[in-house]
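Enquirer: quick one, what's the 3D model for this:
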Amino acid sequence: MAPLLGAVLFASCSKSELTPETPAVAVATTTQHVAAAGFPEGFETGTKTAYTTGSVTLGSGSWTLNDALIGNTTADPKTGAQSVRVRNLGIVGMNFNTTTGASTVSVSHAVYGTDGASTWELWKSADSGATFAKVGSTVTTSSTALATATFTVNQSGNLRFQLRKVSGGTNRINLDNISIEQYGTTPPPTGGKKFLFDASHTETAGNADWVLDVDAGVVPRYPTPAASGITSTTPETYWSAAISAWGVALVKLGHSVEQLPTGTAITYGNTSNPQDLANYSVFVVDEPNTLFSASEKTAIVNFVKNGGGLFMISDHDISDRNNDGYDSPDIWNDLMANNSVQANPFGFTVNLDNIVENSFNVRTGTNPIMNGSQGVVSQLSFHNGATMTLNPAANSTVQGLVWRTSATQGNNLAMAASSTYGTGRVVIIGDSSPADDGTGSPGNTVYDGWNENVSTPRLHLNASLWLAKLQ
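Expert: Next up is the predicted model:
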């Protein structure tokens, strides 16, 4: 469990998970994505305080910064402590090659301070920097919030890249979280499904760490080291974040996992977005800390309606980790009450309560979530979580999975629940503590709820597979 900073009340929380089916808008995939060695580059290890041209050694290798520096002020948008700041017609370029080619290159970008908009481009070289060619379209940066631009490269061999600011004059922009996905394909495991874990709604705010992997303060699209290195004996510490055990376990079962980084929009049916929900079987959102936009709510509900699986995890009332006025119960209830598709499509609401309880009051029988391929679930432990109220009038398929010890197995005080909507599935758990594996980012205090009892991983993995329509 992960207590909130400055609030002894908050021991830990988890979110509700929804269980849908394989997306109706299927996108075939034959690749296992792997980040290039040394990437993502978050500019956390280098120092360069002047705009004059010079080279700096970063985690990925040596880079030349022309009319650019490493910024670490409050006016520099960044993930972690630093990002690169560029002015005029500045260039940020690699002095080394990535030897495994590139499928895609992703870059986070935002304007510096109160500066105006600028445009920039990605350029590539296949001859160690002798010549360069532009990749994709010119990008306009106009917001102070980091957004992610992704370029399709699809080229093998030795490559190096430059980021070139091409307009905006003295307006400055910040660039961060450069990720290069290796070129090439390896067949995924037979029957493997794609799981996307959200990191775009401040899941790492405060003392929270509800993602698969954080590298030097950056949540990359592909956790590193590469998932291809996971074997049956790999420990969950292979990745470093509080729900890494969940991700490692899914990979061991033959599936692939990705993260949706900060600044990346949640879309459904947008073919220009490589992380559009249509490309995945299951979307996992563990304790979101910022509201979903109107378009994101529409995307999530339609994803489920058309066959996707949604795993929702909430936390207790008054668990606002980023102090924006909304905690995860508010955010989930807003999604269900204020979307453009259908009011309360999943048939439940999150209660504004806060409970600590180990409950054995579980649904029995042949339910595939409670008695699935990963084992029988006999209990669920909350360390400050919220319950749910079920509303069969809104969705007749909704059913509780675990209830408070004092509750009857009906529509009130459910600690976990599931439903179907359209051709998709949803699962919700009211506390983030059970998914917490106790190994978070440096400086975060987390609690090992995952290994507290054997039922916890069984519940999460059975639910994951049910959402992916594998049981």
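Enquirer: wait, residue 178 sits on residue 39?
Expert: Yes: judged on C-beta atoms under 8 Å, residue 178 makes contact with residue 39 at a distance of 6.7 Å. Any C-beta I mention is one placed from the backbone N, CA and C, and that applies to glycine too.
Enquirer: list residues touching both of those two?
Expert: residue 60 (C-beta atoms under 8 Å, 6 or more residues apart in numbering).
Enquirer: dump the residue contacts of residue 365.
Expert: Taking C-beta under 8 Å, 6+ apart, one finds residue 371 in contact with residue 365.
Enquirer: what residue ranges in the protein score low on pLDDT?
Expert: 1-34, 184-191, 441-445 (pLDDT under 70).
Enquirer: let's go with 50 and repeat that
Expert: 1-32, 185-190 (pLDDT under 50).
Enquirer: how close does the residue in it sticking out farthest from the centre sit to residue 158?
Expert: The outermost residue of the chain relative to its centre, with distances by C-alpha atoms, centre = their mean, is residue 130 at 37.5 Å. Note on residue 130: its distance to residue 158, by C-beta to C-beta, to the nearest Å, is 12 Å.
Enquirer: what touches both of the two?
Expert: Between them, residue 130 and residue 158 share no contacting residue, judged by C-beta under 8 Å, 6+ apart.
Enquirer: any idea how far apart the tips of stretch 141-149 sit?
Expert: 10 Å (C-alpha to C-alpha, to the nearest Å).
Enquirer: who touches it?
Expert: So stretch 141-149 is contacted by 77-79, 106-111, 113, 116-120, 139, 173-174, 176-177, 261-265 (C-beta under 8 Å, 6+ apart).
Enquirer: filter those down to the buried ones, PyMOL style.
Expert: Under the burial definition 16 or more other C-beta atoms under 10 Å, those of the contacts of stretch 141-149 that qualify are selected in PyMOL by:
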select buried, resi 77+78+79+106+107+108+109+110+111+118+119+120+139+173+174+176+177+261+262+263+264+265
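Enquirer: so which of the contacts of stretch 141-149 are in helices?
Expert: Judged by DSSP state H, the contacts of stretch 141-149 include no members of helices.
Enquirer: out of the contacts of stretch 141-149, list just those in strands.
Expert: The strands, defined by DSSP state E, take in 106-111, 118-120, 139, 173-174, 176-177 from those.
Enquirer: turn these into TSV, including distance to residue 230.
Expert: Listed next are the ones in strands among the contacts of stretch 141-149 as TSV, based on distance: C-beta to C-beta, whole Å:
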residue	distance to residue 230
106	23
107	27
108	27
109	32
110	34
111	39
118	41
119	40
120	36
139	34
173	37
174	34
176	27
177	23
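Enquirer: from those residues, which is closest to residue 94?
Expert: Closest approach to residue 94 among those (C-beta to C-beta): residue 107, at 12.6 Å.
Enquirer: which residues does the closest one bridge with?
Expert: residue 149 (DSSP bridges).
Enquirer: tell me where this structure has helices.
Expert: 244-252, 294-305, 328-337, 455-467.
Enquirer: first to last residue in stretch 165-182, what's the distance?
Expert: Using C-alpha to C-alpha, first and last residues of stretch 165-182 are 25 Å apart.
Enquirer: check which residues of it are buried.
Expert: Within stretch 165-182, judged by 16+ other C-beta under 10 Å, the buried ones are 165, 168, 171-182.
Enquirer: what would the residues you listed look like in TSV with distance to residue 339?
Expert: Output for the buried residues of stretch 165-182, formatted as TSV (distance: C-beta to C-beta, whole Å):
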residue	distance to residue 339
165	38
168	37
171	37
172	37
173	34
174	33
175	34
176	31
177	29
178	34
179	31
180	36
181	32
182	37
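Enquirer: tell me which of these is nearest to residue 462?
Expert: residue 181 (30.9 Å).
Enquirer: quickly list what that closest one is bridged to.
Expert: The partner residues for residue 181, given DSSP bridges, come to residue 35, residue 104.
Enquirer: list the residues that contact it.
Expert: Going by C-beta under 8 Å, 6+ apart, the list of residues near residue 181 reads 33-36, 102-106, 221-222.
Enquirer: ditto for residue 87
Expert: Per C-beta under 8 Å, 6+ apart, neighbours of residue 87: 51, 67-68, 165, 170-172.
Enquirer: of those residues, closest to residue 405?
Expert: Using C-beta to C-beta, these come closest to residue 405 at residue 172, 57.4 Å.
Enquirer: pretty sure that closest one is touching residue 83, no?
Expert: No: look at residue 172 against residue 83 with C-beta under 8 Å: they stay out of range, at 11.1 Å.
Enquirer: circling back to that earlier point, can you lay out the contacts of residue 181 as TSV showing distance to residue 366?
Expert: Shown next, in TSV, are these (distance: C-beta to C-beta, whole Å):
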residue	distance to residue 366
33	36
34	39
35	41
36	46
102	48
103	43
104	43
105	48
106	43
221	38
222	37
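Enquirer: going by distance to residue 341, which of those residues wins?
Expert: residue 221 (27.3 Å).
Enquirer: please verify my assumption that residue 200 contacts residue 263.
Expert: Yes: with contact defined as C-beta under 8 Å, residue 200 reaches residue 263; the gap is 7.0 Å.
Enquirer: would you tell me which one of the helices of the chain is buried the most?
Expert: helix 455-467 (a mean of 26; mean count of other C-beta atoms under 10 Å).
Enquirer: now the angle from that one to helix 294-305?
Expert: 80 degrees (axes from the mean of the first three to the mean of the last three C-alpha atoms, to 10 degrees).
Enquirer: mind starting the numbering at 57 from now?
Expert: Yes, from this point I'll number from 57; that puts the last item at helix 511-523.
Enquirer: what packs against helix 511-523?
Expert: Helix 511-523 is packed against helix 300-308, strand 338-342, strand 365-369, strand 427-428, strand 431-432, strand 436-441, strand 470-477, strand 480-485, with contacts defined by 3 or more C-beta pairs under 8 Å, 6 or more residues apart in numbering; DSSP states H and E.
Enquirer: reformat those as a markdown table; add distance to residue 521.
Expert: Converted to a markdown table, the helices and strands packed on helix 511-523 look like this (distance: least, C-beta to C-beta, whole Å):
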| stretch | distance to residue 521 |
| --- | --- |
| helix 300-308 | 9 |
| strand 338-342 | 9 |
| strand 365-369 | 9 |
| strand 427-428 | 7 |
| strand 431-432 | 12 |
| strand 436-441 | 18 |
| strand 470-477 | 13 |
| strand 480-485 | 11 |
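Enquirer: can I get the helices of the chain in JSON lines including distance to residue 153?
Expert: As requested, the helices of the chain are arranged in JSON lines below (distance: least, C-beta to C-beta, whole Å):
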{"stretch": "helix 300-308", "distance to residue 153": "29"}
{"stretch": "helix 350-361", "distance to residue 153": "38"}
{"stretch": "helix 384-393", "distance to residue 153": "43"}
{"stretch": "helix 511-523", "distance to residue 153": "38"}
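Enquirer: one step back: out of the helices and strands packed on helix 511-523, which is closest to residue 149?
Expert: helix 300-308 (33.0 Å).
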